[in-house]
Structures are given as C-alpha cells and as structure tokens.
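Asks: Next input, structure requested:
(chains A and B)
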Amino acid sequence: MPVGGDGWRERVTGVILALLVALSLALSFGLWWSAAGPLTGEELWRQEPQSPPPPEWYQVVRPTRLLVHLGGDRRAMFLPGSAGYRDLWEAGCAGGMALAGLGPAAREPVRDAEARALEEAVSVEARFPAPLPGQTVARAYGMRGNLPDSVDGLLLTPGRWPFVAVRCDGRLYPLEGTAERDYRPLAQVLSSLEAPQAVERAGGIPVVSPALPEGWEAVPGLWVPKVSAVPRLATGFVPPPGYAQALVGRFFADPGVVRRIEERDGATIFTDGRSGLRVYPSGALEYSTPRPTGTRGSIEPDAAFSVALSFLARHGGASPGIVLCECRPVRLEEEQAWTLEMGFLVNGMLAVAPGGAVGMAVGEQGLYEYRAAAWTPWRDPGGSHRIMSAQEALARMGAQHSGRVRILDVYPAYAGARAAAGELRPVWIVRTDSDRWAVDAVTGQVQAFGGRW
Amino acid sequence: MDWARAKRILIVAFLGVNLLLGYRLWTGPAAPGSSLYSVTPREVREVAAQLRERGVVLTAEIPRRARPLPLLTVSNPPVDPARVIAQFLGPEVDAVHQDGVWLGLTGREAVVVYPGGEVFYRRLPWPETGSGGALPPAGTGPGTGGPAGGGQASGDRAPGADRAVELAREFWAQRGGLPAGAELDYRAPVGPGRYLVVFTGQAAGHRFFGSRAAAIVGPGGVEEAYGAFPVPHKPSGNARPILPATEALLRAAPLLVEKGAVVVAVEEGFYSPVYDAREWEAVPVWRILLGSGSALYVNAYTGAVEGVDEPYPRRGQEISAYLQKQGTRTR
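Replies: Have a look, this model is predicted:
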C-alpha cells in the first residue's frame, strides 16, 4: 500500500494514464470517423432507374388522318379512333409492312395528270400533322434511301400495279423497291369500304375541297373533313401530393444537391445550379440544361428524334397517343440543333399547344430543353361543341389577312395552353407556307400558333 | 505485481500511440465531408502552388475542414417599396413604378427597389464613367432628401477603413436597418480614399451571403449602397457532405485566372441570389473573396460557380435609364 510521497505520485501517474487512455480513444474515434466519412455526392448518385423502352418510331411518327380515295370523286377521311383508321393502319402502315425497303424511284414528282388519276383510283393517303424530315419518316417505316427533305404524307395504291409515293408540298414522289410486298390486306380493307354505308359504319367522314378567300391558293390534294360537332374535352390530370418532389428523382442524377424555389404563382423550380426543372400547379413541366459553350457541329433529325424518344421514355413523358407534330432545324450559335413538337391523339383529333403539348430542343450534346403539358388522362366534361366548317374558318382568317396566302393544310384539333389545366378549345389548324394559325372553331377567333408546322 | 512500473510502461506506450494517432489525423487523407479535416496541409500547398502557377495570388488561409451542411430555407420579408423609398429619401418623395422596379429620386439621391426586395441607393449625379468620378458631398439639409446626416464623412476627407465601417453602419441604421443579425463581413479599398463595406447575415452558425448590406464610402460619405434582405429560416433536409475548399478553388480557377485575382478569404456559408419568390432554399457554398471586393460563390455540393458579385449584383442602371428617359442631364 503506497504511503506519503509515493501515494501522491501514484495518484498523479494514475490520472495521467487515464487521460492518455481517454485521449487515445478520442483520437482513434476521430481517425475512424474521418476515414470512414460519409459518401461523397458522386458516390451517392442514384443508380439509373430502369426506364421503359422508348415507343416504336412508327407509333409516334404517325399520320393523324387517313384520306381514302374510293374511285372517282368518292373520298372519306378516317380519324384515329375510328374502325376504318384502325383497320387501314394495321393493314397498311403499322410496322411498315407495306413500306419496308421502299426508296425513291425518281427525283421528279409525278405529273399533275398522273397525280389526279392516282387520286381517282382506289388508294389511301396517310397525312402527317406537318411536313416531317424524310429521314425520320424513312426510319420510322423501314424505308431506304433519301426521301425528300420534308414529307407531308404517304399514298398507297394497292391495285393490280401497286403504287406508293410520298407527298411533299402537295406533289407526289414515287417510291420503288425490289422486295415483294403484300398489299392484299390493305386492298381488302379498301374494297370493304366500297359500299356506301360501309364508310359511315367504319367512322369515315366526308371530305370537301374548301373554297378559298380571294387571292388565296392551296396545294394540290387539299381535302378537309366535314365536321360539325366535336366532343368537349378537358385535361384530367391532378398532381398528387408530393408530385413535384417525386419528379426530382427523374430529372436529377443526385437529388440530394437539388434545391427548391417556390414561386409566387404556385410553380416550383428545382435546380442543382446547372439544370432547372419548373413544375406548374397544373403539373406541366419545363426542364432545361445548359448547352456546353462552344458546341459546334450538327445533329441529324433522326438522331435528334431518337434522343427525344429516349428522354420521353426515361422521364415518363411518352404518354399514350403522343405523336410528332413538328421537327424543325434551329440554329443555336454555332450549332445546328432541332426542335421537336408533339401532340396527343384524343377523340380522333390532335390536341396541341403553341410550341407543342410536348416540346424539346435537341442538339449534338443531347437534350437542352423539354416542356410538357400534363393533360392525360383526359376528362370528359360531357356534351359537345357545335363547330364551324373549315370553309368558314378560312373565311374568318381571310377577313383578317389580305394578300396572297398559300394554304398547305387544314384540319380540326383541340388547342390549349401547355401549362394550363381545364377545357381545351376545338380549333381549325391552318398551315400556310409561312405560318401556322388556329381558328377557334366556336368563336371564329384567329390566333397565330407560332412557328412553322 | 509492480503496479507503479506497469503504469509507467502504459503511460509511455499510450503517449507513443497518441502521438502516432495525432500525426496520422493531422496529416493523413480523410474522406471529404468528414467532421474533421478533409484535406492535408500538403494538398493545400499543392493547390496553392497550382493556382500561383496560373497567376492567382492566395493570401487567404485555406480551410482544411469541410463539415457536412444542409440546405437552408429562406424567404423574402414583405416589401413595401413606398416605405423603403421614404426611409431612404424622406416621406415626401413619391415612388415611381417603371419597368418592373420602384424608383425614388430627389435632385441628389436615387433609390431603386427591386421586386424581390433588393435595394440600390446612389448619390447623384449619376457618374458617366464607372464609379470613380469625383462626387460632391451629399446634402443634409431640408429639400435635399433623405433622413439628415446618414453616413456623412466630416469635412470631405477620405475616411479611414474604420471610419468607413462606422459611416456605413450609421447609414444603414438610418435607412431602414441592416438585415437581421447582420455583422461586419469585410471591407475592401475600391479606389483612392474609398472603401467597400459589407455586412452579412448569419444562419445556422455560418454566414448567409444572400442577405447583406453593402456600401461604398468615399470622401463625401456613402456614395452607393446595396441591400438584400432574405430571411433565413431553418435547415432543409439532412446535412450532406461538401467539397473541400481546395476543390472549390480549383473549380473556380478559370474565373480566378480570368480576373487575375488575389484571393483574400475563403469561407463556407450559405448563398442564393434574391428571387421574387415565396420561399426557396439557399445552398452551402465556399465564398472566395477577392482583393477587389468581388466574391465568387462556389456550390459546395457540386462545385459549380453559383454567382459572382462585383461587388454586388444590382447596379441601379434603372436610375440612369429613367433619367435619360426624362431627358434630365444631371451632370
């Protein structure tokens, strides 16, 4: 038992030892904590979620009208959703069965007299909502070679001597191929429509070549459906609680670094300091990511479309009925990029917004901008709108536009603002060689629809 | 057993172990975002050398610590532009709404109130070339506008740095006050006899660089001032690891090189621009303060440069535009 000075020394050394043990523990803990620190931001990046495959090209590069020539001056138009459209689509266009392997036969269009003869033969003509890049159409339907730069539609005449052509600016450019194609299913559907009541039963709509205001002209082959009433249509999407926050995981690789800005109008912006996502109270989205400075070069339209489809699939934007409405080159400083606009097929018509219900800008470095309405699922408010004829809509436009106007296409559609929810208006879309217009089919109000189709 | 001897041996052994552990902790590499040191002195020296080679002078001490930080929720206080203009120029001055901002002018002073509540103040006349023009002393009597005496240097002599801080503080105290909790952040000479003085808000134990009051003080007192008043609320979400300051410096290097910068301070805190929004989140940043009084804010999560202030984001161009529109030549 220590006593006196030894006892004091023992106590001091005991305290020193205890302190050293404590310090040792603290340093060990510090070293362990600093070495096994939290994961870095990059390590925390979520694994890329499994995204569904992009939709088939031909499902999105899809005609919004099928014009059937039944011989002589008998014609009818089939809109999506009708039995006739479905049968014709499946027999002729779906999967490109009637078009695969075809390529341009000549650089020159068929002569006017021949074109008239073809339109008087039994045939079906697929019309896109706007001229689309030939490359994109070719890839969608398994065609080969260089189609004209922009394609308005396709004409298939499945008679004894089948004839297929693309329509470009009103003119027909013949296609040819070496492989045998089976046009019999298409011929059978067309022959089943020859009886007068058959067209009506299959949902066919009579067409008319509209009289134009004075001084106006139209491309050859302009036929518009005689529609007098359309069902009312409203957007049905209601953002669920946590909707905006849930989107962050889809658009940002590391949601943990994303911050939020609550705008006064109820929209929420998310940004990681580089890319930004704006979510409107209606659920509509706007996403942009900066284009690397100094980007040069160009991207082909079909490559841009491929990027767009993959993006849609990955980010949940490939809603049923989505259809390509516009594919237009755009110059971004030194870079040649593309803007793509899409709409939705609903009640047999296209639902569109200025700039597209879904709009994208795609360049060499990928997608730069994405804007999407949140309209689906649709809501049926009940009832229908009585609408004015295409001819009257053109007359309303004519009252406001003097001078020469060349009409490229006229068709009925629903239109609304991309970021808004509520009822969509029935309109007649009028595409001219310089612009795109929407004439309210109820009130007759004419408004520019922005850009070229 | 000789217990005394055993203790001596243990003391020596633990001393050795502790020395080794301490050395390892001080110099060894550690994970970014750990609560202790994230970079070694050697790494700091290497980064400093890299920057020096590219023409960037570092006089600041580079923090070695990078503690995890969360986002910070902030919002704008309610803004009454007419009241702000009255505070700056006196109750008799009308607020003019033009091009989305509110303007207040007397013959000798002007104020702009921006939609998010930012305020820019300038003594007139508007200088035609930069802010280095010789400015007359601001009036203090009736009819010259403004609460009398705010931030006036006596005798038009160039104030010293301490006096400049005093004048700036006095100015803000008389014109509506500093942002809540703001403290003196830094002062920097911005020309002969002129100082930039910046007060910055505080939040969650750090500076909140988005909330600040700045003033340029010259021989005639406060010549120019800028205030942003977002209110920090609470941390948002969990604390996340942040990049070390060395990484932030390297990410900002191209901008630093471009500016031929002298880095005088590197500090972590929170930052966001002022938005005309209901509420938003400020992000942890490394603020790189330059000798010129400019500041770069580097996102401490991603390394992206979030903002550059030279020395603050609003310069009241609306005043000169308004004066030009009115056809008033003030100089």
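Asks: which element follows the strand or helix carrying B:A6 toward the C-terminus?
Replies: Per DSSP states H and E, B:A6 falls inside helix B:3-27. The C-terminal neighbour of helix B:3-27 among helices and strands, as given by DSSP H and E, is helix B:41-53.
Asks: In PDB, list the C-alpha atoms belonging to that next one.
Replies: Taking C-alpha atoms only, helix B:41-53 is exported to PDB below (Å, rounded to 0.1, in the frame of the first residue of the first chain):
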ATOM      1  CA  PRO B  41      -1.500  20.500 -45.400                       C
ATOM      2  CA  ARG B  42       0.300  19.000 -48.300                       C
ATOM      3  CA  GLU B  43      -2.800  19.100 -50.500                       C
ATOM      4  CA  VAL B  44      -3.400  22.700 -49.500                       C
ATOM      5  CA  ARG B  45       0.100  23.600 -50.500                       C
ATOM      6  CA  GLU B  46      -0.300  21.800 -53.800                       C
ATOM      7  CA  VAL B  47      -3.500  23.600 -54.700                       C
ATOM      8  CA  ALA B  48      -1.900  26.900 -53.700                       C
ATOM      9  CA  ALA B  49       1.100  26.200 -55.900                       C
ATOM     10  CA  GLN B  50      -1.200  25.200 -58.900                       C
ATOM     11  CA  LEU B  51      -3.100  28.500 -58.500                       C
ATOM     12  CA  ARG B  52       0.100  30.500 -58.200                       C
ATOM     13  CA  GLU B  53       1.400  29.000 -61.400                       C
END
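Asks: helices or strands up against that helix?
Replies: Applying 3 or more Cβ pairs under 8 Å, 6 or more residues apart in numbering or on different chains; DSSP states H and E, one finds that helix B:41-53 contacts helix B:3-27, strand B:57-58, helix B:245-259. Where you see a C-beta, it was placed from the backbone N, CA and C, and this is true even at glycine.
Asks: again, only using 6 Å
Replies: helix B:245-259 (3 or more Cβ pairs under 6 Å, 6 or more residues apart in numbering or on different chains; DSSP states H and E).
Asks: Could you give me the buried positions within the helix it packs on?
Replies: B:A245, B:T246, B:E247, B:A248, B:L249, B:L250, B:R251, B:A252, B:A253, B:L255, B:L256, B:K259 (16 or more other Cβ atoms under 10 Å in any protein chain shown).
Asks: Give me every residue in the stretch 151-300 of chain A lying close to chain B.
Replies: Residues of the stretch 151-300 of chain A lying close to chain B (Cβ under 6 Å from any Cβ of the partner chain) are A:G256, A:V257, A:R259, A:R260, A:I261, A:E262, A:E263, A:R264, A:G273, A:R274.
Asks: that older thread, the helix holding B:A6 versus helix B:41-53: what angle between them?
Replies: Here helix B:3-27 runs at an angle of 20 degrees relative to helix B:41-53 (axes from the mean of the first three to the mean of the last three Cα atoms, to 10 degrees).
Asks: coming back round to it: quick one: which of the buried residues of helix B:245-259 is nearest chain A?
Replies: Among these, B:E247 lies closest to chain A (Cβ to the nearest Cβ), at 10.3 Å.
Asks: give me the number of residues near the spatially closest residue to the closest one that is not a sequence neighbour?
Replies: Closest residue to B:E247 apart from its sequence neighbours, by Cβ to Cβ, 6 or more residues apart in numbering or on different chains: B:G303 at 6.2 Å. Close neighbours of B:G303, defined as other Cβ atoms under 10 Å in any protein chain shown, add up to 17.
Asks: so how far does stretch A:214-226 reach from one end to the other?
Replies: 21 Å (Cα to Cα, to the nearest Å).
Asks: What average pLDDT does it get?
Replies: Mean pLDDT, stretch A:214-226: 92.
Asks: Please spell out which residues along that stretch are buried.
Replies: Taking 16+ other Cβ under 10 Å as the criterion, stretch A:214-226 shows A:W216, A:A218, A:V219, A:G221, A:L222, A:W223, A:V224, A:P225 as buried.
Asks: Format these as CSV; extra columns: secondary structure.
Replies: Shown next, in CSV, are these (DSSP: H, G, I helix; E, B strand; the rest coil):
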residue, secondary structure
A:W216, strand
A:A218, strand
A:V219, coil
A:G221, coil
A:L222, coil
A:W223, coil
A:V224, strand
A:P225, strand
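Asks: Could you report the separation of A:L31 from B:V39?
Replies: 16 Å (Cβ to Cβ, to the nearest Å).
Asks: Let me see the contact set for the residue nearest in space to the middle of chain A.
Replies: Centroid-nearest residue in chain A, with Cα atoms, centre = their mean: A:M342, separated by 2.5 Å. A:M342 makes contact with A:I322, A:L324, A:C325, A:G356, A:V358, according to Cβ atoms under 6 Å, 6 or more residues apart in numbering or on different chains.
Asks: Do me a favour and get the backbone dihedrals for it.
Replies: phi -130, psi 160 (degrees, to the nearest 10).
Asks: Can you name the residues bridging to it?
Replies: Listed beta-bridge partners, A:M342: A:L324, A:V358 (assigned using DSSP bridges).
Asks: Quick check: it vs B:P78, distance?
Replies: 42 Å.
Asks: Would you mind checking the residues of the stretch 151-300 of chain A next to chain B for buried ones?
Replies: Buried, going by 16+ other Cβ under 10 Å: A:G256, A:V257, A:R259, A:R260, A:I261, A:E262, A:E263, A:G273, out of those.
Asks: how about a markdown table for the residues you listed, with pLDDT and secondary structure added?
Replies: Shown next, in a markdown table, are those (pLDDT from 0 to 100; DSSP: H, G, I helix; E, B strand; the rest coil):
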| residue | pLDDT | secondary structure |
| --- | --- | --- |
| A:G256 | 87 | helix |
| A:V257 | 91 | helix |
| A:R259 | 94 | strand |
| A:R260 | 95 | strand |
| A:I261 | 96 | strand |
| A:E262 | 95 | strand |
| A:E263 | 95 | strand |
| A:G273 | 86 | coil |
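Asks: Now compare these and name the two farthest from each other.
Replies: Greatest spatial distance among these (Cβ to Cβ): A:G256 and A:E263, at 22.3 Å.
Asks: what's the burial count for the residue of the stretch 51-200 of chain B at minimum distance from chain A?
Replies: As assessed by Cβ to the nearest Cβ, chain A sits closest to B:L71 within the stretch 51-200 of chain B, at 5.4 Å. B:L71: 24 surrounding residues under other Cβ under 10 Å.
Asks: can you list the residues of chain B near chain A?
Replies: B:7, B:10-11, B:14, B:17-18, B:21-22, B:25, B:30-34, B:36, B:71, B:240-241, B:275, B:277-281, B:283, B:299, B:301-302, B:304, B:306.
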